[in-house]
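Q: 3D model of this:
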Amino acid sequence: MIDKRREERVHVVMPVFLAGAIGSTNDVSASGMFFETCVSFSIGEPINFKVEFDAPGGRMMLSCSGEIVRTEQRDERIGVAVRIAEAAMEVIEN
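A: Predicted structure coming up:
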C-alpha cells in the first residue's frame with residue numbers, strides 16, 4: 001500500500017470530542033489525524049471535532065474541521081482518518 005501522508009505523524013493519545021461521542025487519537029500530524037471512536041463515518045463526509053491536550057502554558061483545546069479520508073473497523077471501535085482543513089487553538093480556563 002502506498003503511503004499518501006504529506007506530514008510526519010506522531011503517536012499520541014489525546015481525547016477527541018465529537019458531536020454526541022468521544023474518541024481518542026492514535027496519531028497526529030500537521031495536516032491530519034487518526035482517531036478511534038464508537039461512531040461510524042463515511043469517506044468524504046465533513047467533520048468537526050475538538051482535541052484536548054496539555055501544553056507548557058496549560059490545558060489547550062484544538063477545534064478542527066476537515067474531511068473523512070479513511071475508516072476501518074477495529075474490534076468494537078472504528079478508526080477514522082481525517083484530513084484537517086481548518087484548526088483553531090484556545091486556552092482552557094480552569
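
Q: closest to the centroid, which residue in this protein?
A: Nearest to the mean C-alpha position of the chain, by C-alpha atoms, centre = their mean, lies Met33 at 4.6 Å.

Q: Ile84 is in contact with that one, correct?
A: Yes - under the contact definition of C-beta atoms under 8 Å, Met33 touches Ile84, with a separation of 7.0 Å. For glycine as for every other residue, the C-beta is placed from the backbone atoms N, C-alpha and C.

Q: tell me the contacts of the residue nearest to the centre of the chain?
A: Going by C-beta atoms under 8 Å, 6 or more residues apart in numbering, Met33 touches 25-27, 51, 81-82, 84.

Q: so who does Gly79 touch?
A: Shown here is Gly79, whose contacts under the criterion C-beta under 8 Å, 6+ apart are 26, 34-36, 70-73.

Q: what about it, which SS state?
A: Reducing the assignment at Gly79 to three states with DSSP: H, G, I helix; E, B strand; the rest coil gives strand.

Q: so what's it bridging to?
A: Residues in a beta bridge with Gly79, per DSSP bridges, are Glu36, Glu72.

Q: state the distance from it to Met61.
A: Applying C-beta to C-beta, to the nearest Å, the value for Gly79 to Met61 is 23 Å.
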